[in-house]
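*Asks:* Following is a predicted model, sequence given first.
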Amino acid sequence: MGKMQRDKGARAENQLASMLSDDLGMTIKRTLGQARDGGADILLGPFAVQCKHAAKTSIKTWWQQTCTDAAKCKKAPVLAYKINRQGWRIRMRMREVLGINEAWTFDHQYTEELDYQGFVLRLREIDLFEG
């Protein structure tokens, strides 16, 4: 990955972290070293958030990476992506969106897509830092 792509990714991660900090009233920062070491871009309570900013989507590939990185830190996967000149979209497993404890797989077909505000509303409904 070239420097321009890394910089674009870091800007997107910082933007999302800043928006979440403002909307949730807590300090949220991107995970340093994750581009080099692998892992989540942002750790948010029970969630490992992978951020993407691109000209076009690659949901299946991105979701696979998101699940792999989330498994490394034993968190639930969340894919946050922004297509050029569009708003943020969030993809989560249905079990986290619906707030149920079903053992659904990590396959992207068992995910739900939310806009950014829907994601924030869902986060406000749960205790981000419960046991």
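*Replies:* Ah, there it is.
*Asks:* Identify the single longest helix in this structure, thanks.
*Replies:* For the chain, the helix with the greatest residue count under DSSP state H is helix 3-24.
*Asks:* can you give me how far that helix is from the chain middle?
*Replies:* Its chain's C-alpha centre and that of helix 3-24 lie 11 Å apart, by CA atoms, centre = their mean, to the nearest Å.
*Asks:* Same check on stretch 60-74?
*Replies:* With CA atoms, centre = their mean as the basis, stretch 60-74 stands 10 Å off its chain's centre.
*Asks:* Next, the buried residues of that stretch.
*Replies:* 62, 63, 64, 65, 66, 67, 69, 70 (16 or more other CB atoms under 10 Å). No exception for glycine: its C-beta is placed from N, CA and C like everyone else's.
*Asks:* Which members of those occur in strands, if any?
*Replies:* Using DSSP state E, the subset of the buried residues of stretch 60-74 located in strands is empty.
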